[in-house]
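[1] Kindly generate the corresponding structure for this input.
(chains A, B and C)
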Amino acid sequence: MGNGRWKTVRENQTLRAQVPLVHCITNYVTVNDVANAILACGGSPIMADDIAEAADIAAVSSALVINIGTLNARTVASMLSAGAAANAKGVPVVLDPVGAGASALRNDAVRRLLEAVRFAAIRGNLSEISHLAGLSVSTRGVDSSEADSGNDAVSVARAAARRYGCVVAVTGAVDVITDGARVARVENGVPEMSRVTGTGCMLSGVIGAYVGANRDVLPAVVAAVASMGIAGELSLERHGGAGTGSFHIGILDALSKITDETIEKRGRITYEEEH
Amino acid sequence: MGNGRWKTVRENQTLRAQVPLVHCITNYVTVNDVANAILACGGSPIMADDIAEAADIAAVSSALVINIGTLNARTVASMLSAGAAANAKGVPVVLDPVGAGASALRNDAVRRLLEAVRFAAIRGNLSEISHLAGLSVSTRGVDSSEADSGNDAVSVARAAARRYGCVVAVTGAVDVITDGARVARVENGVPEMSRVTGTGCMLSGVIGAYVGANRDVLPAVVAAVASMGIAGELSLERHGGAGTGSFHIGILDALSKITDETIEKRGRITYEEEH
Amino acid sequence: MGNGRWKTVRENQTLRAQVPLVHCITNYVTVNDVANAILACGGSPIMADDIAEAADIAAVSSALVINIGTLNARTVASMLSAGAAANAKGVPVVLDPVGAGASALRNDAVRRLLEAVRFAAIRGNLSEISHLAGLSVSTRGVDSSEADSGNDAVSVARAAARRYGCVVAVTGAVDVITDGARVARVENGVPEMSRVTGTGCMLSGVIGAYVGANRDVLPAVVAAVASMGIAGELSLERHGGAGTGSFHIGILDALSKITDETIEKRGRITYEEEH
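    Numbers count the residues shown, from 1 in each chain, chains lettered A, B, ... in the order given. Sure, this is the predicted structure:
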């Protein structure tokens, strides 16, 4: 047995009861979906990226989500400012290192963020987390690279979690969530989710909502990851034949109706830990 | 009786006939929905926020909508420039003071805008308009605060309308629209609208379209507010059980089909005025 | 007969097989739809507009799409940088000159882009392409102006194609695509598409995906234009009565399912060339 409970129990109920304010500094491509995903799962999103208010907003929020999808010099400064304010107030911070490994700008921003800010959770695909873990990586664009399939998701996630002292989620065909010792695997989700932009960003926003409402970070992230995967499954069941537009809307529909019972019933989650 | 007609009659028909060009300087979170809401109700949106063209575009538009949802130093300058150009040409200007009261940056921007620009209409929630009216306010994020429910929407709206010499709409469970003397209450809408990001922003865009096509501002704003509420009701009737994604799309569907007859039939509007 | 094949044959199949990386520097109004449209037709979008990475990303992409919808000084510099990098690597570049003719800022940006960057394809409405061709134009906002209907789409498109040495698509009731000599007309599409913001931007993104995967630019653009028109028709057939929200989602649904067979069966494409 591990050190205390870490399986998901009623993280969603707690989230819906608390309605955590989730401050997002995120990309302009998927920002609307991120806000709607946070609302759907029970949180209250606020997007604010100007340096003159980023710290103020972060300090009064329940969680801060930093997503570098369309970063620029102006917003990276705001991310650092908001991250420092969140750390000072004990507000948990989530990082989505979109495209880490894909350009010097992104690599530099990620390095600076990881040096200056303590994160509660980091979520990315295998390419991105491999880059963070310091492993060799061949990134093509912002989607996970086939070339990285040689890296094992568990070892990559664990290496990153230990390096940064936080929970790391590597999402892909199977999602791996770890704090460096304990490991959960989530096998929910459908490949069609990669044909809708922003399912990863939405998940990072949802993780922000879950960790903003639940103190125990690891089960909160597991619940968030499972929720998103289940939402994809439910949408595909309902809209499978219709196309990617309806499938996209159906993910938000499903997220807005998911409960802890849904996660318990449909979650394909396995837990293990080091002995 | 008051001074002339001020109940809604055929504001939507006029709007659809004129196809007013509505220049929006708005936030990047909900901008797509704002554009589609303006198109749905019969207007033609143009989003342009660079200081080098904001005044040029505003000067040839039928209305200007200023929304500070994701303001920054660059866009506030453009808002001031566009506002001045609109005022000079007699183009009506609408303000959506998103998150007023939530940060010093927002408070300062709102103060500068209200000092420099004459607005035809201002729309916000009770927290935001209370801040504008100079009343004490406890804002949490960009959503209306429970702590403000002590302030009466009518008195807050009236105070703001008198202070700024324009029509003010306070939207909430009951929407209040006033020019400082005459007051309309709109009881359309459903609570589920707060679970979709941007319904307030969309309404502000729709108000821009209505005041861009109709000279009489008060009934134009009432028609816009009622339209949005009715669109929410119609969408909930159609998509209620499906979730927030479908509900969101259904609001745009309904907006695109609303006519003055719909407003007349479904509008729950009550009018009163000071004697 | 002309110089080799130029009718569409299996451009979509090639696109879906290659999954071209399409780098977009585009406006924040419709960027989510552009990304989802590129995914729907088989490409992989990446949005990156910071000067510090625009060239790096463009250089490793299969195509670059430049859309000036919400341009500003910062992004115009990135467009020029990315365009130069794409040209140096032989990556095809697509221009969507949104609102060309509507402001000095846009006219200046378009002039600088056309001087500095070699484009593979340019897509716009009649107002915009008339402006590029140096013809007199009366633009109102970002939508095509009735006042321009006097200009013949074929002569405007041909003039622009010859001036810039690339394929030009003028989209409207009938779409015209030409390389200056050969001309294709596409009569797919429905007027309702103008009631959804971003169908033009989405098409420009889809053109990026098609030219990123197919060497022969003219048939690639024709296939893209026909795909978008057919997607509008299919969505209207399915969602016609529902409203513009559902119609919008249905366009993405249809795009995600379109194949070369769909284009062959439903495409209303006529070809001609100079003798």
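[2] now check stretch A:219-238, is it near chain C?
    No - Stretch A:219-238 does not reach chain C (C-beta under 8 Å from any C-beta of the partner chain); its nearest approach is 12.5 Å. The C-beta positions use only the backbone N, C-alpha and C, and glycine is treated the same way.
[3] Identify the residues contacting the spatially most central residue of chain A.
    Against the mean C-alpha coordinate of chain A, by C-alpha atoms, centre = their mean, the closest residue is A:S204 at 2.6 Å. By C-beta atoms under 8 Å, 6 or more residues apart in numbering or on different chains, the contact set of A:S204 is A:T26, A:V34, A:V65, A:N67, A:V94, A:D96, A:R123.
[4] go with 6 Å
    Contacts for A:S204 (C-beta atoms under 6 Å, 6 or more residues apart in numbering or on different chains) come out as A:V65, A:N67, A:V94, A:D96, A:R123.
[5] for A:Y28, same thing?
    Taking C-beta under 6 Å, 6+ apart, one finds A:T70, B:Y28, C:Y28 in contact with A:Y28.
[6] can you rerun that using 8 Å?
    A:T70, B:Y28, C:Y28, C:V31, C:M47.
[7] isn't A:S127 right up against A:R106?
    No - between A:S127 and A:R106 there is no contact under C-beta atoms under 8 Å: 11.3 Å.
[8] Tell me which of the two has more neighbours.
    In this view A:S127 and A:R106 are compared by other C-beta atoms under 10 Å in any protein chain shown, and A:S127 has more residues nearby, 31 against 28.
[9] just to revisit the earlier point, among the contacts of A:Y28, which are in helices?
    Residues of the contacts of A:Y28 located in helices (DSSP state H): C:V31.
[10] Looking at the contacts of A:Y28, which is nearest A:R112?
    Of all the contacts of A:Y28, A:R112 sits closest to A:T70, with 16.9 Å by C-beta to C-beta.
[11] what's the distance between the closest one and A:G99?
    10 Å (C-beta to C-beta, to the nearest Å).
[12] Which residues are in contact with each of these two?
    C:A48.
[13] who's more crowded, the two?
    Higher neighbour count among A:T70 and A:G99: A:G99, with 31 against 22, using other C-beta under 10 Å.
[14] Can you add pLDDT, neighbour count and distance to A:E233 and give the contacts of A:S204 back as CSV?
    Formatted as CSV, the contacts of A:S204 follow (pLDDT from 0 to 100; neighbours: other C-beta atoms under 10 Å in any protein chain shown; distance: C-beta to C-beta, whole Å):
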residue, pLDDT, neighbour count, distance to A:E233
A:V65, 98, 31, 24
A:N67, 98, 28, 24
A:V94, 98, 33, 23
A:D96, 98, 28, 22
A:R123, 98, 30, 19
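[15] which one of these is nearest C:G245?
    Looking across these and measuring by C-beta to C-beta, the closest to C:G245 is A:N67, at 26.3 Å.
[16] Specify the beta-bridge partners of the closest one.
    A:D96 (DSSP bridges).
[17] check contacts around it.
    A:C24, A:I25, A:T26, A:N27, A:V34, A:L95, A:D96, A:V98, A:C201, A:S204, A:G205.
[18] Among those, which one has the most neighbours?
    Going by other C-beta under 10 Å, A:G205 tops these with 35 neighbours.
[19] quick one: A:R238 from chain B, how far?
    9 Å (C-beta to the nearest C-beta, to the nearest Å).
[20] tell me the contacts of that residue?
    A:G250, A:D253, A:A254.
[21] Could you pick out the residues of the stretch 101-250 of chain A near chain B for me?
    A:H248, A:I249, A:G250.
[22] any idea which of those residues is closest to B:N214?
    For these, the nearest to B:N214 is A:I249 (33.0 Å; C-beta to C-beta).
[23] What count of nearby residues applies to that closest one?
    Using other C-beta under 10 Å, A:I249 has 30 other residues around it.
[24] Repeat that for A:A116.
    Neighbour tally, A:A116, other C-beta under 10 Å: 13.
[25] So which residues of the stretch 51-200 of chain A form strands?
    Secondary structure of the stretch 51-200 of chain A (DSSP state E, counting those that start in this stretch): strands located at A:63-67, A:93-96, A:121-124, A:167-170, A:175-178, A:182-186.
[26] Ok, which of those comes nearest C:E272?
    In terms of C-beta to C-beta, the element of the strands of the stretch 51-200 of chain A nearest to C:E272 is strand A:63-67, at 48.9 Å.
[27] Restricting to C-alpha, output the closest one in PDB.
    Below are the C-alpha coordinates for strand A:63-67, written out as PDB (Å, rounded to 0.1, in the frame of the first residue of the first chain):
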ATOM      1  CA  ALA A  63      -5.400  27.500  -9.900                       C
ATOM      2  CA  LEU A  64      -3.200  28.900 -12.700                       C
ATOM      3  CA  VAL A  65      -2.800  27.200 -16.100                       C
ATOM      4  CA  ILE A  66       0.100  28.200 -18.300                       C
ATOM      5  CA  ASN A  67      -0.100  27.000 -21.900                       C
END
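[28] any idea how far it is from the chain center?
    Put simply, strand A:63-67 sits 9 Å off its chain's centre (C-alpha atoms, centre = their mean, to the nearest Å).
[29] just to revisit the earlier point, and of the contacts of A:Y28, the nearest to B:V168?
    Each of the contacts of A:Y28 was checked against B:V168 using C-beta to C-beta; the closest is B:Y28, at 25.8 Å.
[30] Distance of the closest one relative to B:T70?
    For B:Y28, the distance to B:T70 - C-beta to C-beta - is 5 Å.
[31] Give me the common contacts of the two.
    A:M47.
[32] Pull out the buried positions in the longest helix along chain A.
    Ranked by residue count, the top helix of chain A under DSSP H comes out as helix A:217-239. Neighbour counts using 16 or more other C-beta atoms under 10 Å in any protein chain shown place A:217-236, A:238-239 of helix A:217-239 among the buried residues.
[33] Please apply the same query to stretch A:10-26.
    A:10-12, A:14-16, A:18-26.
[34] of all those residues, which two lie farthest apart?
    A:R10 and A:I25 (29.3 Å).
[35] what ranges of chain A fall below the confidence cut-off?
    By pLDDT under 70, the weakly predicted segments of chain A are A:1-5, A:136-151, A:275.
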